[in-house]
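Peer 1: Structure of the sequence below:
(2 chains)
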Amino acid sequence: MRIASLINLELRILKNEFLLSLRNKKYIACYIIVALTGASIYTGLDFFLETQGILSAISIFEVPLTGINPRWGSPLLLIYSLLKGLNPNMGSNFFSPADISILFVRPIKTHEIYISKLVRNGFKHGVFLLLFFLSIVPLFSFYNMRNMGVIALFLFVFIIIEITQLISHVKFFMFYRLYEGEKSRVRVNAVVLISVIVVGGVSIYDLLFTKTGINIFNYCSLLMDSPETIISILTTRTGLTKLLFECFSPLLLLLGVLASASIGMTRNYFGVNHYAELALVNQDRLFGNFVFPFTYDKSKNYQLLHKDALLVVRNYGIQVATSLLFTYGLSYVIIRYRDSISSLFLNRDLLQSALPFLLIIYLKMVLVPSDIIEKDWGSSWLLRSSNISQEIIVKSKVSFGYLTMIPYILPLLASLYVLENNSWTNLILMINLVFLYSPIKTFTSNLFNSGSDQSLDLFLSNFLQILTMFMFWIFFTSLFNTQVSLMFIYSTIIATLFFTKYGKPIKYYVFELISNYYFFTLLFAVILGIFLMLIAFLRTTYLFQNSGNIFRMIWLIIASFSTSFIVKDYIIKWTMRIYLD
Amino acid sequence: MDYGIETKGLVIKLNKKTVIDRLELAIPKGTIHGLIGSNGAGKTTTLKILSGLLPATSGTVRLNDLYLGRSNEKYKEFIGYVPESPELYGSLTVRETLEFVASLYYRDYDIAEKQIQHYIDLFNLGEIEKEYTKNISRGETQRVILASVLVHNPDIILLDEPFYTLDPNSQKTLRLLLREKRDEGKTILLATHLLDLAETMCDSITLLSKGKTLFDGGIDKIKTTYPGASLEDVFITLSNNEEMV
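Peer 2: Predicted structure coming up:
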């Protein structure tokens, strides 16, 4: 009965969150954007699938699975889940402060609370996945996938998501138990360090002393030896049965084992309450009691950076170290096995269109310190308790974002350079996106206050981040491929923006003239941007054909970086406006 | 004597620091006991242990003849705990919050509804019962938490600075209610640093300083030991002595 009340509570909270958001124009605007994006994907796919020239772009689905060795996939998933488990702040998202006041002090078993949270997360993931599946319906129709095939695919993806979540929980509870007390903390650190040295040593041996690479990463793979294609499995009756038995059975078994393990760990586990309390205490310590010289001196900008760096080192030290090692390990695997990985992407356009998503997933996955900045931001602690202006705070957050990105981005860029057959064009585009990531993240986090644990806020903030990054990606690729006349017009707009923004008009009439021109050019820039994006969208397959053209390369460097720079400044301005509200 | 709350040799260490050092509490049923001390004295930590939120490093805790252990569902059946900074689910209305809490204790919907209505009237929550709790003030949040804690009529009531954010009317209501609960035989432990309030409300007190007990006994005992001195004077004198030691 109590578990029913708890599940009812969680679902009611989700429902109320949604109903409450309908009262806010900001959220309604975002829902419209989400719906339009879904509709664009739907109609875009429909259009592309009818065009013969584009078929090759999705030919990966017809590639026989024999011979594709996903040996690097399993260990990466394991390392990723381990990293999630090591995150000491992870629990604060799973249990909220209200859980302490309302649930943990009531006669409810801890594992009942845990199960209700799992149901809530499962429901949430299911709804978001359903929205995604609805937007790619043309793909299913194109391959004549039967309803059962679509349902099987849906369940497959859903189970994978839930498994990843449960792995993180099991790791976390184990980690928490290990981490209790100073002595065991030292022991855990030692284990992590030794593991890293062992794995690193074997990798170096693998790289230096074997020609083909020993199969240390060759874990079991469910589909590895299957002679069929993904589509044939999903669209035929026997294939589906095979998938259900060969894939779902072990996955469901794994899901069951992980669920029992995590529930078992919370059952009668006194420490979970303790841990939930500690998560809050930790947050208080982070943002409430930090000793900081509040008399801000403009000549000492490093004070803010120093504070953020200290917070990251104190609270995320071990995770920063492990995620950096993970990043360099990933880079090593990509460079070492570049031929196998390249063979996965038979069509270059596919890799091209997948790149922004891969980049965003990567940035969101490994950039640990950005979490702390987001939470710090959400609490508005600095603004409330210091004499530092919001402009300096926003700029400091963005600057710190850049600083923390550098060690993560370098190996990524090296890997992409190798993967993309030494193409500089993509490097330039990637650097632009990375440059824009920090202000966009700061902006969307602030817009939706993602320091809070509201599911909707987190979803919309992440959605907008991904959408904006993707739109800039398309925009920059279209800049590269655009006609000379359009290049000239765009250059004029950029020059005007720079002039009106950074120049100081002397006479009033000049100011007025420029102001008007400024407004019209801005409007024109927006219209042109949309137009260029549309062109790029329709001509995806023909992009990057002229990558050897030096003139276009120079144009891309100048135009993309100056655009990014202006966009960054505007995002900071908008962020400050929202921050003040 | 029949004790509502009893602790023996209670020690709590957090991050190598001793927060509570051998705390001995023996609070008879039907009394209001004050846990008094300055900031960082260990009042909140003690309440968190008694409510089952934090594990003690050593020592025993017994509430209504039940020992605090690893599985505390039965133990929590008769506790009502008001935390120092309570949080509510912002997306639930005041009534929905109370309904959820009541559903954990009552199988009979009518009885639950009657109790909810009683406390909504008592704490003057009628006007905001359909408001989402994210939109209500700090004082109103405190009143909602008090109602949610008392809705199942607990035998042991643990209160951490409950008067802090309340308006004068609500303070008066709570004072009267606590006295009424005491007369019904409930055991009330009140953590506060408001000494005037403790002096007028409590039957007995424990003075804490940096986790150590400076004084434990009835209000009468203070008056006989320190004739003419107020509770504030006694607290300051004992705290200074402790620091000198």
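Peer 1: And what about B:N39, helix, strand or coil?
Peer 2: Here B:N39 is recorded as coil under DSSP: H, G, I helix; E, B strand; the rest coil.
Peer 1: Excluding chain neighbours, give the residue nearest to it in space.
Peer 2: B:H193 (7.2 Å; Cβ to Cβ, 6 or more residues apart in numbering or on different chains). Glycine gets a C-beta too; all of them are placed from N, C-alpha and C.
Peer 1: residues touching the one you found, list them.
Peer 2: Listed by Cβ atoms under 8 Å, 6 or more residues apart in numbering or on different chains, the contact set of B:H193 reads B:I36, B:G37, B:S38, B:N39, B:K43, B:E161.
Peer 1: how about a cut-off of 7 Å?
Peer 2: Residues in contact with B:H193 (Cβ atoms under 7 Å, 6 or more residues apart in numbering or on different chains) are B:I36, B:G37, B:S38.
Peer 1: Am I right that B:A56 sits in a helix?
Peer 2: No. Under the criterion used here (three-state DSSP), B:A56 is coil, not part of a helix.
Peer 1: Got the confidence number for the residue nearest to it when sequence neighbours are not counted?
Peer 2: Setting aside the residues directly before and after it, B:A56 is nearest to B:I49 in space (Cβ to Cβ, 6+ apart), at 5.2 Å. The score at B:I49 is 86. That number is its pLDDT.
Peer 1: picking that back up, list phi and psi for the residue nearest to B:N39.
Peer 2: Taking degrees, to the nearest 10, you get phi -120, psi 10 for the backbone angles of B:H193.
Peer 1: for B:T192, same thing?
Peer 2: Reported as degrees, to the nearest 10, the phi and psi values for B:T192 are phi -160, psi 160.
Peer 1: In contact with it, which residues?
Peer 2: If you count contacts by Cβ under 7 Å, 6+ apart, B:T192 has them with B:G34, B:I36, B:E161, B:A198.
Peer 1: Give the bridge partners for it, please.
Peer 2: Under DSSP bridges, the beta-bridge partners of B:T192 are B:I36.
Peer 1: Please report the distance of it from B:E84.
Peer 2: Between B:T192 and B:E84 the computed distance is 10 Å (Cβ to Cβ, to the nearest Å).
Peer 1: Wait, a strand at B:G34?
Peer 2: Yes. According to three-state DSSP, B:G34 belongs to a strand.
Peer 1: surely it meets B:L190?
Peer 2: Yes. B:G34 is in contact with B:L190 according to Cβ atoms under 7 Å; the separation is 5.2 Å.
Peer 1: Pull up the overlap in contacts between the two.
Peer 2: Taking Cβ under 7 Å, 6+ apart as the contact rule, the neighbours common to B:G34 and B:L190 are B:C202.
Peer 1: What strand or helix carries residue 149?
Peer 2: Just going to use chain A. Element membership of A:G149 [criterion: DSSP states H and E] is helix A:147-179.
Peer 1: The intended chain is chain B.
Peer 2: Judged by DSSP H and E, B:V149 forms part of helix B:138-150.
Peer 1: A:L556 contacts A:L479, correct?
Peer 2: Yes. Counting by Cβ under 7 Å, A:L479 is a contact partner of A:L556 at 6.2 Å.
Peer 1: so where's the stretch 201-350 of chain A uncertain?
Peer 2: Confidence mapping of the stretch 201-350 of chain A against pLDDT under 70 gives the ranges A:201-251, A:254, A:264-304, A:306-307, A:310-323, A:326, A:340-350.
Peer 1: Residue numbers of chain B in contact with chain A?
Peer 2: Residues of chain B found near chain A (Cβ under 7 Å from any Cβ of the partner chain) are B:16, B:48, B:51-55, B:70-71, B:73-74, B:76-77, B:81, B:83, B:86-89, B:91-92, B:96, B:100-101, B:103-104, B:132, B:145.
Peer 1: now those: which count as buried?
Peer 2: The neighbour-count criterion (16 or more other Cβ atoms under 10 Å in any protein chain shown) marks B:48, B:51-54, B:76-77, B:81, B:83, B:86-89, B:91-92, B:96, B:100-101, B:103-104, B:132, B:145 among the residues of chain B next to chain A as buried.
Peer 1: Name the spans of chain B whose pLDDT lies under the cut-off.
Peer 2: Across chain B, the stretches falling below the confidence threshold (pLDDT under 70) are B:1, B:15-16, B:70-71, B:242-245.
Peer 1: quick one, helices of it?
Peer 2: Assigned helices in chain B, in chain order: B:43-50, B:73-77, B:94-105, B:109-122, B:138-150, B:168-183, B:195-201, B:219-225, B:231-244 (criterion: DSSP state H).
Peer 1: So which of those is the most surrounded?
Peer 2: The highest mean neighbour count among the helices of chain B belongs to helix B:43-50 (a mean of 24), with neighbours defined as mean count of other Cβ atoms under 10 Å in any protein chain shown.
Peer 1: Determine the angle, from 0 to 180 degrees, between that one and strand B:32-37.
Peer 2: Compare the direction of helix B:43-50 with that of strand B:32-37 by axes from the mean of the first three to the mean of the last three Cα atoms, to 10 degrees and you get 130 degrees.
Peer 1: For helix B:43-50, what is the distance to the chain centroid?
Peer 2: Distance, stretch centre to chain centre, for helix B:43-50: 9 Å (Cα atoms, centre = their mean, to the nearest Å).
Peer 1: Quick check: phi and psi on the residue nearest to A:L363 when sequence neighbours are not counted?
Peer 2: Leaving aside its sequence neighbours, A:L363 sits nearest to A:Y437 (Cβ to Cβ, 6+ apart; 5.7 Å). A:Y437 adopts backbone torsions of phi -60, psi -50, taken as degrees, to the nearest 10.
Peer 1: I'd say A:Y437 and A:V398 touch.
Peer 2: No. Under the contact definition of Cβ under 7 Å, A:Y437 does not touch A:V398, with a separation of 10.0 Å.
Peer 1: if you count what's nearby, which of those two comes out ahead?
Peer 2: A:Y437 (25 against 22; other Cβ atoms under 10 Å in any protein chain shown).
Peer 1: Look up how far B:L238 lies from that one.
Peer 2: According to Cβ to Cβ, A:Y437 stands 58 Å off from B:L238.
Peer 1: Show me the beta-bridge partners of the residue nearest the centre of chain B.
Peer 2: Centre of chain B computed as the mean C-alpha position; nearest residue by Cα atoms, centre = their mean is B:L159, 1.9 Å away. In this structure, B:L159 has the following beta-bridge partners (DSSP bridges): B:V82, B:L190.
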